[in-house]
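S.K.: Predicted coordinates and the sequence they were generated for:
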Amino acid sequence: MIKISALILHYKRVDLTIRCLESIIANTSNDLDYEILVISSSPEQNEELSNKLQEYGDKVRLIKLPQNLGYSGFNIGAQNASGKYVAMFNNDSYIRDDVMSKAVKYLESNLEYKAVGGNIIDDQSGELYKGVYKIPRLIDEIILFSFFNRLFKIIKWSPRSYSNFLYANKNLASDDFDVESVCNAFLIINKEAFLKVGGLMQESYLYYTEHDFAQKFRSNNFKIRFLHDLRLVHAWSTTTSGSFSNSRRQTILLIDRFNYFKKHHGIISSIIVCLFTTILHPRSLIQIPGVLINLSSVLQEHNTMVNILKSYKQNN
């Protein structure tokens, strides 16, 4: 019986996908029954990818998406997975030890937890990335994405509520603790629980999927645990840096932010947070013309993505 399914979301870089896959094979114990599903968001590379994956045998399967569906590709991967658990990996990440066996052992021994996350190490600097948060309130979002965030770093002070939002009192290198939200670049989940809450947010392309997931998880009384000895190396934005201009990325961020806060806080709150994070962030202000130019095309792509996901869900 397959215990865990590793889901690798492929986009653009076949070499990185193979590196991620081989790191999983090299570091995962033979005592763990697992499979690897490569979810291709780049249809133009499916033939090349399929040929590359043949040498790894039946343990590795390829799922071909009709287009890039963002992080929602993980939803389709989970629906096709055979494992009791699913582990989500971006293709520009890789592991150095047996994180899947550690995660499965913890989840099997602590049934009150339905998901675990771990440390994300920057591929270039070697520093730990803080990928755990509380579910953001409007004020947290405004502070984080405005000049206030830089100001607090300069004066080395911030409101206690904001510090708590980032779990500032926790040591990522040594502490294990309960979290509300964890970065979905490194998340290992009970598949049944994942599917019960509807997976990751299909209204989102790149951003806020982890917070929406956390909201749904909490409403179902499911718990998430951060484990410091689970570690993943991530080359941030390696696959998307050449695919999205800064203005296009800001457009996607704005749409995803609007949809997330509209869904969980209402349209008025969504408008407020989008206005404040734009007006109070110099970089966002500079990119407003580019955002307006990209808005129509990004919205059209987004609507197409949502329709594909709805169709796929109905047919499965």
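M.R.: Cool, got the structure. Just so you know, these numbers come straight off a predicted model, no measurement behind them. Numbers count the residues shown, from 1 in each chain.
S.K.: okay, and the helix or strand of the chain with the least pLDDT?
M.R.: Taking mean pLDDT, DSSP states H and E as the measure, the chain has helix 282-286 as its least confident helix or strand, at a mean of 59.
S.K.: Just the helices from this structure, written as ranges.
M.R.: 14-27, 46-53, 73-80, 99-109, 138-144, 147-155, 160-165, 191-196, 209-219, 246-265, 267-279, 282-286, 288-315 (DSSP state H).
S.K.: How far off centre is the fifth one?
M.R.: If I follow you right, that is helix 138-144. Relative to its parent chain, helix 138-144 has a centroid offset of 20 Å by C-alpha atoms, centre = their mean, to the nearest Å.
S.K.: Which elements pack onto it?
M.R.: In terms of contacts (3 or more C-beta pairs under 8 Å, 6 or more residues apart in numbering; DSSP states H and E), helix 138-144 is packed against helix 147-155, helix 160-165, helix 246-265, helix 267-279. Backbone N, C-alpha and C define where each C-beta goes, glycine included.
S.K.: Isn't I39 up against G73?
M.R.: Yes - using C-beta atoms under 8 Å, I39 makes contact with G73 at a distance of 4.6 Å.
S.K.: shared neighbours of those two, anything?
M.R.: 9, 65 (C-beta atoms under 8 Å, 6 or more residues apart in numbering).
S.K.: Need the pLDDT of T238.
M.R.: According to the prediction, T238 has pLDDT 61.
S.K.: An error on my part: the question was meant for H281.
M.R.: pLDDT, read off for H281, is 66.
S.K.: With Q250 instead?
M.R.: We have a pLDDT of 81 for Q250.
S.K.: if I look at it, how far off is L7?
M.R.: 28 Å (C-beta to C-beta, to the nearest Å).
S.K.: for E112, same thing?
M.R.: Plainly put, E112 is 24 Å away from L7 if you go by C-beta to C-beta.
S.K.: What of I36?
M.R.: According to C-beta to C-beta, I36 stands 8 Å off from L7.
S.K.: Same check on V197?
M.R.: Per C-beta to C-beta, V197 is found 16 Å from L7.
S.K.: Nearest the geometric middle of the protein, what residue?
M.R.: Closest to where the C-alpha atoms of the chain average out (C-alpha atoms, centre = their mean) is N184, at 2.8 Å.
S.K.: so what pLDDT did that residue get?
M.R.: Taking N184 on its own, its pLDDT is 86.
S.K.: you'd agree it is up against T209?
M.R.: Yes - counting by C-beta under 8 Å, T209 is a contact partner of N184 at 5.5 Å.
S.K.: Residues that sit against both of the two, list them.
M.R.: Counting by C-beta under 8 Å, 6+ apart, the shared contacts of N184 and T209 are 71, 200.
S.K.: Would you quantify the distance from the residue lying closest to F89 once chain neighbours are set aside to L200?
M.R.: Nearest residue to F89 in three dimensions, chain neighbours excluded: I8, at 4.9 Å (C-beta to C-beta, 6 or more residues apart in numbering). Computed with C-beta to C-beta, the distance linking I8 and L200 is 15 Å.
S.K.: swap in H234?
M.R.: Relative to L200, and taking C-beta to C-beta, H234 is found at 18 Å.
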